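Enquirer: output the structure for:
(2 chains)
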Amino acid sequence: MIDLIQLAVPVLLKGLWVTAVLTFISVLIGFNLGLGLALMRLSSNRFLSGFAKYYSNVFRGTPLLVQIFLFYYGLGQLSLIKDNAVLWWLISDGARCAVLALALNTAAYTSEILRGGLMSVPVGLVEAAQACGMSRMLRFRRIEFPLAIRQALPAYGNELILVVKGTSLASTITVLEITGYAKRLMSQTFAIFEIFAIAGVLYLVINLLLIGIIRAIERFLMRHETSSVRYLAAPQPNRSTVGS
Amino acid sequence: MEFGLWQVWEAGWVTAILRGASITILVGLVSMTAGLVIGVVCGLIKWARIFPLSLLVDAYTSLVRGVPELLIIYLLFFSSVEFVTKVVTAFGYAGVAESGYAFVIAVIAIGAISGAYSTEVVRGALGAIPDGHIEAARALGLSGGRIFRRIIAPQMLRIAVPGINNVWQTTIKDTALVSVVGLQELMRISFIGANSTRHPFIFYLIAAVVYLVITLVSQTGFDGIERLLRLRTRK
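Expert: Predicted coordinates for the structure are as follows:
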């Protein structure tokens, strides 16, 4: 058992680093793309909003695995991509390709979450900002975006966890991250449960860390009502006798 | 060499893809049914806070929702493959059981995953039922089982429909992951087609379109159900 831990933990920690990097870059790109798509979706331009809608439906309607395979195996076959140095650089490597697929995928989900947040901003506040003579950019930066992100943050936290879980699919295109190493260790050592437990703990640690960060940001954004919230949340009435 | 839709058709891949798609849908439906049963039972346990069991359910849902699906599938597959091979060869069914076995593993894995998400949906729906309704039923002297059948279940089902829709969409997409254990569903067939013809682009594109059709059709179905339920709601 000790031997196994000595063997598996350093390997899986190496994988943890890869998982973390994949998640970080995908989220960084995906969030910005998603924000752009949410704005396109809400714009009055028919073409822009239509594009954003179809983009989000296509990426949310197909499995991430199909997207990753399509990018990694499929696009490499097209001469258009092969002849373009930049695109070929992007597609030829498993990790870069996984980041590309993950970023485009999470952008679709993020755009839906942010769209919901932006739509929840009261019209009156935007009108008030307009009446104050704020420019469009300033209005977005100071009024709409902060209110929207506050609304969208809990759902975005869930999406972040989905991205972390999505990075495991990179193992299917030769990227060795936690799941990739775990699979290899499982078939080498046959200590299936132990390896699963260690890998699972690593994922749970990442997720808890992300949830912690999201909670901290939420607290920071909600600091104008921190003290009152605690007292407003009344204890739930006990209903343990029904329906069991 | 040009290789397009016509060649895919001519080489007979279309029937293979359709067979794969039907297995994908079958795995999705069976897993979703299993997941809903798990979801209702675990959701009730979580909602009613039945003490020792609720801890178990909490552990189950947070584990399954926090760990990648692929890892869960590997766990189930690798941990059982040796045992099952032994049992099957002992009974002399070595070759026959291969595909059935992958199906069973797929359903267990995807069912467990969709069960964890369904649990949260059911619990949320139960939480949204006004306490007053249950108190009123109790005041009328209805028994616990009757309150569940007449008051809780109908309301819960209605509130849970959008959440169940989400879980179904995730479940059908998660079935693509069981291709890694060799079940010949849509993704696996596309993989085989891509490798044997060396034209991955067209095969994965077809797979993407088929998945898209499945999710769009079921989305329309769920929209219809939601509209029906809204019509029946008293204003």
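Enquirer: residues touching the most centrally placed residue in chain A, list them.
Expert: The centroid of chain A falls nearest to residue A:160 when counting by C-alpha atoms, centre = their mean (3.5 Å). Neighbour list for residue A:160: A:23, A:27, A:210, A:214 [criterion: C-beta atoms under 8 Å, 6 or more residues apart in numbering or on different chains]. Quick note: C-beta positions are derived from backbone N, CA and C, even for glycine.
Enquirer: rerun at 7 Å
Expert: A:27, A:210 (C-beta atoms under 7 Å, 6 or more residues apart in numbering or on different chains).
Enquirer: relative to residue A:180, how far out is it?
Expert: Relative to residue A:180, residue A:160 is positioned 21 Å away (C-beta to C-beta, to the nearest Å).
Enquirer: could you list the low-pLDDT ranges of chain B?
Expert: Within chain B, the stretches with pLDDT under 70 are B:1-3, B:92-99, B:233-235.
Enquirer: which residues of it lie near chain A?
Expert: B:44, B:48-50, B:63, B:66-71, B:74-75, B:78-79, B:131, B:134, B:144, B:147-148, B:152, B:173, B:176-177, B:180, B:187, B:194, B:199-201, B:204-205, B:207-208, B:211-212, B:215-216 (C-beta under 7 Å from any C-beta of the partner chain).
Enquirer: can you select the buried ones from those in PyMOL?
Expert: Applying 16 or more other C-beta atoms under 10 Å in any protein chain shown to the residues of chain B next to chain A, the buried members can be selected in PyMOL as follows:
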select buried, chain B and resi 44+48+66+67+68+69+70+71+74+75+78+134+147+148+152+173+176+177+180+187+194+199+200+201+204+205+207+208+211+212+215
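Enquirer: now, the residues of chain B next to chain A that are in helices?
Expert: B:44, B:48, B:63, B:66, B:69-71, B:74-75, B:78-79, B:131, B:134, B:144, B:147, B:173, B:187, B:194, B:200-201, B:204-205, B:207-208, B:211-212, B:215-216 (DSSP state H).
Enquirer: which other residues reach stretch B:11-18?
Expert: B:8, B:186, B:189, B:193, B:206, B:210.
Enquirer: I should have written stretch A:173-187 there, sorry.
Expert: By C-beta under 7 Å, 6+ apart, the residues outside stretch A:173-187 that reach it are A:8, A:11-12, A:14-16, A:18-19, A:22, A:68, A:72, A:94-95, A:97-98, A:167-168, A:170-171, A:192, A:195-196, A:199, A:202-203, B:68, B:70-71, B:74, B:78.
Enquirer: quick one: the longest helix along chain A near chain B?
Expert: Determined from DSSP H, the single longest helix within chain A is helix A:2-42. No. Helix A:2-42 stays clear of chain B (C-beta under 7 Å from any C-beta), getting no nearer than 9.4 Å.
Enquirer: contact residues of chain A facing chain B?
Expert: Within chain A, the residues that sit near chain B (C-beta under 7 Å from any C-beta) are A:58, A:61-63, A:65-66, A:69-70, A:73-75, A:77-78, A:161, A:165, A:168-169, A:171-172, A:179, A:182-183, A:186-187, A:192-193, A:196, A:199-200, A:203-204, A:207, A:237, A:239-240, A:242-244.
Enquirer: of the residues you listed, which belong to helices?
Expert: Taking DSSP H as the definition of helices, these contribute A:58, A:61, A:65-66, A:69, A:161, A:165, A:179, A:182-183, A:186-187, A:192-193, A:196, A:199-200, A:203-204, A:207.
Enquirer: any of those residues buried? List them.
Expert: Buried, going by 16+ other C-beta under 10 Å: A:58, A:61, A:65-66, A:69, A:161, A:165, A:179, A:182-183, A:186, A:192, A:196, A:199-200, A:203, A:207, out of those.
Enquirer: distance between stretch A:57-68 and the chain's centre?
Expert: With C-alpha atoms, centre = their mean, to the nearest Å as the basis, stretch A:57-68 stands 14 Å off its chain's centre.
Enquirer: ok, and what's touching that stretch?
Expert: For stretch A:57-68, contacts defined as C-beta under 7 Å, 6+ apart pick out A:98, A:101, A:104-105, A:108-109, A:166, A:169, A:172-173, B:173, B:176-177, B:187, B:204, B:207-208, B:211-212, B:215-216.
Enquirer: quick check: mean pLDDT across it?
Expert: What stretch A:57-68 shows for mean pLDDT is 95.
Enquirer: do stretch A:172-189 as well
Expert: Here stretch A:172-189 scores 91 as its mean pLDDT.
Enquirer: in CSV, list the C-alpha atoms belonging to it.
Expert: In CSV, the C-alpha atoms belonging to stretch A:172-189 read as follows (Å, rounded to 0.1, in the frame of the first residue of the first chain):
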residue,chain,number,x,y,z
THR,A,172,-8.2,10.3,-25.2
ILE,A,173,-6.0,12.4,-27.5
THR,A,174,-2.7,11.4,-25.9
VAL,A,175,-2.5,14.2,-23.3
LEU,A,176,-1.4,12.7,-20.0
GLU,A,177,-3.3,14.5,-17.3
ILE,A,178,-4.8,13.0,-14.1
THR,A,179,-7.2,10.7,-15.8
GLY,A,180,-4.6,9.6,-18.4
TYR,A,181,-2.1,8.8,-15.8
ALA,A,182,-4.7,7.1,-13.7
LYS,A,183,-5.8,4.8,-16.5
ARG,A,184,-2.2,3.9,-17.2
LEU,A,185,-1.5,3.2,-13.5
MET,A,186,-4.7,1.1,-13.3
SER,A,187,-3.6,-1.2,-16.0
GLN,A,188,0.0,-1.3,-14.7
THR,A,189,-0.7,-2.0,-11.0
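Enquirer: so which bits of it are buried?
Expert: Residues of stretch A:172-189 classed as buried by neighbour count (16+ other C-beta under 10 Å): A:172-173, A:175-183, A:185-186.
Enquirer: can I get the residues you listed in a markdown table including distance to residue A:148?
Expert: Putting those into a markdown table (distance: C-beta to C-beta, whole Å) gives the following:
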| residue | distance to residue A:148 |
| --- | --- |
| A:172 | 35 |
| A:173 | 35 |
| A:175 | 34 |
| A:176 | 38 |
| A:177 | 32 |
| A:178 | 33 |
| A:179 | 34 |
| A:180 | 37 |
| A:181 | 39 |
| A:182 | 38 |
| A:183 | 40 |
| A:185 | 43 |
| A:186 | 43 |
